[in-house]
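**Student:** Kindly return the folded structure for what I paste below:
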Amino acid sequence: MSKVSQSLPVLILGASPRISLSVARSLHRHGIPVEIASFQPEERDLRSRAVRQFHRLPARQTDPGAFRAALLTLIREKGFDLLLPAGDPALAALADLYGELSTLLKVGCPSPRAVERVLNKSLTLEAAQRCGIRVPLTHRISIIADLESTAPQLRFPVVIKPEKKGASASRVFYFHNFPDLASAIANRGWDNVLLQEFCPGVGVGVEILIHNGECVAKFQHRRLKEAPATGGVAVVAISEEPDPDLVRSSMTLLCALEWEGIAMVEFRLDRETGSHVLMEVNGRYWGSVSLPILAGVDFPLYHWQILHGETPAVPARYPVGVRWRWSPGILDRIQSILSRKLERVGTPSSKWRELFGTLADLSPSTHEAVWSWRDPRPFFAEITGALSAMSATVFTSLSRRLLPNSVRSHIDIRSRLVPEARGAYSRLRLNDTLHMGNRNHRRVSAGAKTFLFVCYGNLMRSPFAEALFRRAVAERGIDGLLAHSAGTHAVPGRPAHTWALAASRELGLPLDQHRAQPVTLELVSASDAIFAMDFENLAELETLYPGFKSRIFLLSAYADGRQRNREIPDPYFGEIDATRRCYAILKNCIDNLVRNLDLPRDNKKSE
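**Tutor:** A predicted model of the protein is given here:
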């Protein structure tokens, strides 16, 4: 009897419909039960006839401990025997928990060491160069100071992209001159990014299922259109005959990376010269995975069969010229064309020609990524969400033109919050605008011993508040108090911002040894008082940890004068002087906080 007919359920981690749903439908058609779980708040619940159940897990970025516990519990309770990643954040999560997961079920990715070589683009490019594969001229920028030394070597136009994949989705940006590039990096606070030369040509993806160093199945597609129009994900693509040179390069690289399983190797191909340049490797199911399935190359089934000891029956050839589209992505592309000047590099293109060409893309002869007559619900749910997002973007664009800068800033902050936190943020902002009293006139309860300071990235405000608090209690001879800092969106291990390092040294509290950490349930539950720096931090903390709301304060409740109960602005996008002003406010707040602590006598050192 075939193992498929008696299979245990599969869990797909990640809820992007064009990826997760395509894999789920493939397995479901062969009688394999599938469930989907998401830990990313921006992903919608995914309901489909092909999905037995959808699970919402805690956000890994904000509370990795809770995410880990929930995922392991789900796997044990439901009896899954295979876990597949859909998207780079899911792949990073599986690699992080690989040791524990591999004792419970089959994990649809190779070892953490191999995954790191794919998620870290610098490591991927280094491996490709050792294999003799051409890569773009690339420079790594870790701090703004690196840019000046790199400037003479840059070839414009350049493409800027994150060095590491896996935290979240991120855009690619193009720059045509050094002043614009320098201004963007300084104002956006980018670090750990790659600057690459622009390589002309078309985007080509070579999809491979590799097992024990052998190619089990292969497929090739060419990108016809991307979203946004300046460059991004494929929204219209076509199947092609596998190019022997590209397949050879892909296999050489994957073997060098010690890869096992599914991968999509992306190249930029110059059809006039025949030369190709490696862009990146996606070590998981890719956005256009439904295209090879439509063409008869069923990667998810073959992957499942290999992991269960079966030999896949892979067709020797597949039809070329099969066209594929992702309609929500086409909407995003149209919006990018209409809402701003096209910043494409290479051959200029007319906006109207682009728009009229979209009509051909919507032809019935082009297969839809998510649509199914037997299972239409996911398509309508996704297209409705895309239209809603498009409307919101149009509204925001109009607001930017008509509203004052301060109001536009508040709209931007609200839009990036998870939906559950937006109401709380709006209420806090309204109270501040109307100068209404709020509950942050409260003071820390007597006997508080553990203090947690929280900002956005744990790079500037909260680490310095922690350092100030430690020094203040030491100067006053107070024993037994603990202080920590964290960020609602911190990237673990990142050092303090350059301006934070400079300003903290000036004040005798250098942050050179500081490394960022995210807020977690463990930190919150262990703290007697939790201080947010602004309304965004406060709204997120109260939403994520409602059971600890009575312990959460604005640090500015301890400020003097007009600053009391107002925000302590993030100096991340400012200059060094903005950081100095911020630190002066923090010192005032911390001094008042420590001075007003109601401490038992045994907390004070005997004189």
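
**Student:** Can you give the domain ranges for the protein?
**Tutor:** The chain is divided into the following domains under automatic domain parsing: 1-109, 137-197, 204-402, 439-603.

**Student:** Need those domains in JSON lines (columns: distance to residue 420 and mean pLDDT).
**Tutor:** (C-beta placed from N, C-alpha, C; glycine too.) Output for those, formatted as JSON lines (distance: least, CB to CB, whole Å; pLDDT from 0 to 100):
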{"stretch": "domain 1-109", "distance to residue 420": "8", "mean pLDDT": "92"}
{"stretch": "domain 137-197", "distance to residue 420": "18", "mean pLDDT": "75"}
{"stretch": "domain 204-402", "distance to residue 420": "17", "mean pLDDT": "88"}
{"stretch": "domain 439-603", "distance to residue 420": "5", "mean pLDDT": "89"}
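
**Student:** nearest to residue 118, of those?
**Tutor:** domain 204-402 (3.9 Å; CB to CB).

**Student:** Report the strands that pair with the lengthiest strand in the chain, each with its relative direction.
**Tutor:** Identified as the longest strand of the chain according to DSSP state E is strand 214-227. According to DSSP bridges, strand 214-227 forms sheet pairs with strand 202-211 (antiparallel), strand 233-240 (antiparallel).

**Student:** residue boundaries of the strands in the stretch 251-400 of the chain?
**Tutor:** With strands called from DSSP state E, counting those that start in this stretch, the stretch 251-400 of the chain shows them at 261-269, 276-282, 323-325, 367-368.

**Student:** just these: most buried one?
**Tutor:** strand 261-269 (a mean of 23; mean count of other CB atoms under 10 Å).

**Student:** relative orientation of that strand and strand 214-227 in degrees?
**Tutor:** If you take axes from the mean of the first three to the mean of the last three CA atoms, to 10 degrees, strand 261-269 sits at 50 degrees to strand 214-227.

**Student:** which helices and strands sit right next to strand 261-269?
**Tutor:** strand 202-211, helix 244-256, strand 276-282, helix 299-307 (3 or more CB pairs under 8 Å, 6 or more residues apart in numbering; DSSP states H and E).

**Student:** List of residues touching the second one?
**Tutor:** What it means is helix 244-256. Outside of helix 244-256, the residues within contact range by CB atoms under 8 Å, 6 or more residues apart in numbering are 127-128, 130-133, 204, 206, 208, 210, 213, 215, 218, 220, 263, 265, 267, 269, 274, 276, 278, 281.

**Student:** do the shortest one as well
**Tutor:** Contact partners of strand 276-282, identified using CB under 8 Å, 6+ apart, comprise 88, 118, 121, 124-125, 128, 133-136, 165, 199, 201, 203-204, 245-246, 249, 253-254, 257, 259, 263-270.

**Student:** Throw the strands of the stretch 251-400 of the chain into CSV and include distance to residue 421, thanks.
**Tutor:** As requested, the strands of the stretch 251-400 of the chain are exported to CSV (distance: least, CB to CB, whole Å):
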stretch, distance to residue 421
strand 261-269, 35
strand 276-282, 31
strand 323-325, 34
strand 367-368, 34
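
**Student:** now for those strands, which one comes closest to residue 474?
**Tutor:** Closest of the strands of the stretch 251-400 of the chain to residue 474 is strand 276-282, at 48.9 Å (criterion: CB to CB).

**Student:** And that closest one, how far out from the chain middle?
**Tutor:** 20 Å (CA atoms, centre = their mean, to the nearest Å).

**Student:** I'd like to check the angle between that strand and strand 261-269, please.
**Tutor:** Going by the same axes, to 10 degrees, strand 276-282 makes 150 degrees with strand 261-269.

**Student:** Strand 276-282 pairs with which strands, parallel or anti?
**Tutor:** Sheet pairing for strand 276-282, using DSSP bridges, gives strand 261-269 (antiparallel).

**Student:** Kindly export the strand it pairs with (C-alpha atoms) in CSV.
**Tutor:** The C-alpha coordinates for strand 261-269 follow below in CSV (Å, rounded to 0.1, in the frame of the first residue of the first chain):
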residue,chain,number,x,y,z
GLY,A,261,15.4,19.5,-0.6
ILE,A,262,13.6,22.3,-2.4
ALA,A,263,15.4,25.5,-3.7
MET,A,264,14.9,28.2,-6.3
VAL,A,265,18.1,29.7,-7.6
GLU,A,266,17.5,33.2,-9.1
PHE,A,267,19.7,34.6,-11.9
ARG,A,268,19.7,37.7,-14.0
LEU,A,269,20.2,36.6,-17.6
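
**Student:** mind listing the helices in the stretch 401-550 of the chain by residue range?
**Tutor:** 405-416, 419-433, 461-475, 498-506, 521-525, 535-544 (DSSP state H, counting those that start in this stretch).

**Student:** Fine, thanks again, bye for now.
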